[in-house]
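A.B. asks: Please work out how this folds:
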Amino acid sequence: AVGKPRVIIDTDLGSSMDDLFTIDLAARMHKAGKLDLMAVMMDRPDHGDPDGKGEFLTFADRYLASLGFDDLQIGRATGEAAGQKVFNPYWTLIYSNNLTGAGLLLPTNRTPEQIEQLPGAVALYRRLLNDAPDKSVVVCSTGFLTNLKALMESGMDYEGDGIYSTGLELIEQKVKELRIMGGWFDLTTEPADGAHGAEYNFAGDPAAAKKVVEEWPTPVVLSPWEVGLKLDYKTPNVLEDFPPGTFDPVVRAAHVYWPEPLGDGDKNRLWDPATVLPLTEGETLLPLSEMGRVFVDDFGKTTFVPDPSGNRCYQVASNMNANAVMNRFRAIYRTRNPSAAVIPISQAEPGIDYNGSTLSVKIDGFDPGSGFKEGDLFVKLTVNGETYEKTVRTDYDELSGISTFEFEVPPDTVTAGNAYEGTVAVGFRNDTLGE
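C.D. replies: Predicted coordinates:
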């Protein structure tokens, strides 16, 4: 459609929940016909977690496939930002079953060999921009700016790609705007999380932040630290939106990796989605500053200088109605299809057994995945319009042998005619990641 944004997301997916939310939000908007999601660029390199174990490309590939994008183009990180942290190790979901006997939560998509052959972000950026209509692409950066700096510095025929334009020329011709989660402008708020007053994404690669923020040739909109501070996904809302047993990847990660009480602390602040939400919902939700210029010091700390001739602006947290933003985000987000959370009782092979007061549901092949040592096994049964729930506290050794779940139900609740109209959802609540 004319005017529909063509979006590339540059992300450090694999660590913080807000990156996960952002990808899912863009995917949801793509499916609604509101934008075209062109590619996802990884700016957190594989094995870029502190223990050197992160398989972030594999996670990105499987996660996107689970959202219905099994052939979406993915670019591997160029270079490596310093001081990276893994706040939520949800990339380990590639090893975890979905607990319904239907295989992995994140199904295998590309082979390990195909993962290894994924193009570098700069090469993929150049190809996508070269093929795009003029001034049609919106780049949303929710991580480090390392890839974008390298793109700006790429020369003609980069790595023999046959594109005889520099990176800067491609950006100026093809990119409509760059939207960045980064910076800190309202110094009256809680200090930014990087060293010397720099926001984390900029502190990770301050040279890249300075180059991109100051010299990128198209308009730039920044979504700073203080905006995400106000977009707090509060615990009651999380519990309402993410009922246990709902097994899309975002829900699974939320229940496994958010601290107890669920949704407590910075890990449920929505910094990154603020870069994408205005693309389809308009800027009024997240009002912008006047135009000006942004300067970045050697540590990554930002300064905004008003200038009518400038083409930089930022979302102003003090002018934002945080409740309105969260309500809109949740309205979009709750359109997920929860059907993956449950299976018909008739598929819970070899089926059910009912003795008049106890309903036993057996699921063959149930395996929680060896990545989880202990947790509260949550089981919810819905049959004949009634819901029954139970929680079993167990460790992994015990859990791996469980396949039958018994529910005390009123007499005559289940009859031959309605027993197979029910569903059963199995999941973890408050998992603890194994060593």
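A.B. asks: Would you mark the buried spots in the helix or strand hosting residue 228?
C.D. replies: When elements are assigned from DSSP states H and E, residue 228 belongs to helix 225-230. The neighbour-count check on helix 225-230 (16 or more other C-beta atoms under 10 Å) flags 225-230 as buried. In this view, the C-beta of every residue, glycine as well, is placed from N, C-alpha and C.
A.B. asks: could I get the residues you listed as a markdown table with pLDDT?
C.D. replies: A markdown table is the format used below for the buried residues of helix 225-230 (pLDDT from 0 to 100):
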| residue | pLDDT |
| --- | --- |
| 225 | 95 |
| 226 | 95 |
| 227 | 96 |
| 228 | 94 |
| 229 | 92 |
| 230 | 93 |
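A.B. asks: Could you list the low-pLDDT ranges of this protein?
C.D. replies: 1-2, 50-51, 82-83, 95-107, 235, 239, 242-249, 251-252, 254-267, 334-435 (pLDDT under 70).
A.B. asks: Grab the longest helix from it for me.
C.D. replies: helix 17-31 (DSSP state H).
A.B. asks: relative to helix 17-31, how tilted is the next helix or strand along the chain from that one?
C.D. replies: Heading C-terminal from helix 17-31, the first helix or strand you meet, by DSSP H and E, is strand 36-42. Strand 36-42 and helix 17-31 are oriented at 160 degrees to each other (axes from the mean of the first three to the mean of the last three C-alpha atoms, to 10 degrees).
A.B. asks: Just list what strand 36-42 packs against, helices and strands only.
C.D. replies: strand 6-11, helix 17-31, helix 56-66, strand 73-75, helix 121-131 (3 or more C-beta pairs under 8 Å, 6 or more residues apart in numbering; DSSP states H and E).
A.B. asks: rerun that using 10 Å as the cut-off
C.D. replies: Applying 3 or more C-beta pairs under 10 Å, 6 or more residues apart in numbering; DSSP states H and E, we find strand 36-42 packed against strand 6-11, helix 17-31, helix 56-66, strand 73-75, helix 121-131, strand 137-141, helix 146-153.
A.B. asks: Which positions within that strand qualify as buried?
C.D. replies: Neighbour-count burial for strand 36-42 [16+ other C-beta under 10 Å]: 36-42.
A.B. asks: and the gap between the residue nearest to residue 196 when sequence neighbours are not counted and residue 218?
C.D. replies: For residue 196, ignoring the flanking residues on the chain, the nearest one in space by C-beta to C-beta, 6 or more residues apart in numbering is residue 299 at 3.8 Å. Using C-beta to C-beta, to the nearest Å, we find residue 299 at a distance of 25 Å from residue 218.
A.B. asks: now do residue 92
C.D. replies: 37 Å.
A.B. asks: Give me the more crowded residue out of these two.
C.D. replies: Remark: of residue 92 and residue 218, residue 92 carries more neighbours, 22 against 17, as counted by other C-beta atoms under 10 Å.
A.B. asks: Identify, from the buried residues of strand 36-42, the entry nearest to residue 304.
C.D. replies: Of all the buried residues of strand 36-42, residue 304 sits closest to residue 41, with 26.2 Å by C-beta to C-beta.
A.B. asks: Quick one: residues contacting the closest one.
C.D. replies: The contact partners of residue 41, by C-beta atoms under 10 Å, 6 or more residues apart in numbering, come to 8-11, 13, 60, 73-78, 119-122, 124-125, 128, 139, 141, 143, 147-148, 151.
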